[in-house]
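Asker: fold the following.
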Amino acid sequence: MTTLKVNNIETAPEGSKALLEQSLKANGMIPGLHGVLAGSPGLLEAYQTIHKLFTESSFDKEELTVVWQSINVEHECHYCVPAHTAIANMMKVDSAITEALRNETPLANPKLEALRTLTLTIVRNRGHVTKSDLDAFYAAGYGEQQVLDIILGVSQKVISNYTNHIANTAVDAPFQKFAWSK
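Answerer: Numbers count the residues shown, from 1 in each chain. Sure, this is the predicted structure:
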């Protein structure tokens with residue numbers, strides 16, 4: 001049961017209507033998360049902006065998936081894990097990557113595993129990392145920009161994961177076949 005209102009274009013505050021129209025155009029539907037976020041035009045705009053910026057960051061589709069899903073699973077987001085499984089499938093990310101992330105098993109690719117490890121360290125330690133954490137990440141082939149891009153991804157996922165926890169957002173029909181629980 002949803003505990004926060006899920007808006008549509010007609011019921012949303014005036015400042016969210018155009019943003020929901022953009023969401024409808026981009027997704028062919030208004031995801032439930034966007035409907036909830038629409039209750040605060042600023043939050044919906046922030047989420048959409050951060051999402052765009054993160055997808056345009058230094059990460060490729062596999063790396064985006066690693067950051068998103070590592071955080072979604074760590075935060076136990078009932079909505080975002082299935083949604084990002086569907087997104088990974090649409091982006092043609094290897095299903096072995098998606099399954100390892102959903103099941104919290106190591107990734108076969110050492111570079112992607114280093115990305116997963118630092119992402120989880122940042123989340124679990126609220127941004128406190130050690131020099132050895134960073135050195136291991138850099139040794140895997142990443143740099144300072146990628147550290148900062150992880151923080152961008154964390155900011156997006158805090159908005160969506162926390163909103164979904166509070167709202168108990170229903171998983172949208174296209175994502176239900178990817179249902180997940182810890």
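Asker: Leu20 contacts Ala38, correct?
Answerer: Yes: using Cβ atoms under 8 Å, Leu20 is in contact with Ala38, at 5.5 Å. C-beta: built from backbone N, CA, C; applies to glycine.
Asker: give the residue spans of the chain that score low on pLDDT.
Answerer: For the chain, the stretches with pLDDT under 70 are 1-2.
Asker: so which residue is smack in the middle of it?
Answerer: When the chain is reduced to its mean C-alpha position, the closest residue under Cα atoms, centre = their mean turns out to be Trp68, at 3.9 Å.
Asker: who are the packing partners of the longest helix along the chain?
Answerer: As assigned by DSSP state H, the longest helix anywhere in the chain is helix 144-167. Packing contacts for helix 144-167, counted by 3 or more Cβ pairs under 8 Å, 6 or more residues apart in numbering; DSSP states H and E, involve helix 32-37, helix 41-55, helix 61-74, helix 80-90, helix 110-124, helix 131-139.
Asker: tell me which residues in it are buried?
Answerer: By neighbour count with 16 or more other Cβ atoms under 10 Å, helix 144-167 contains the buried residues 146-147, 149-150, 152-154, 156-157, 159-161, 163-164, 167.
Asker: now, among the residues you listed, which is nearest to Val123?
Answerer: The closest of the buried residues of helix 144-167 to Val123 turns out to be Val154 (Cβ to Cβ; 6.2 Å).
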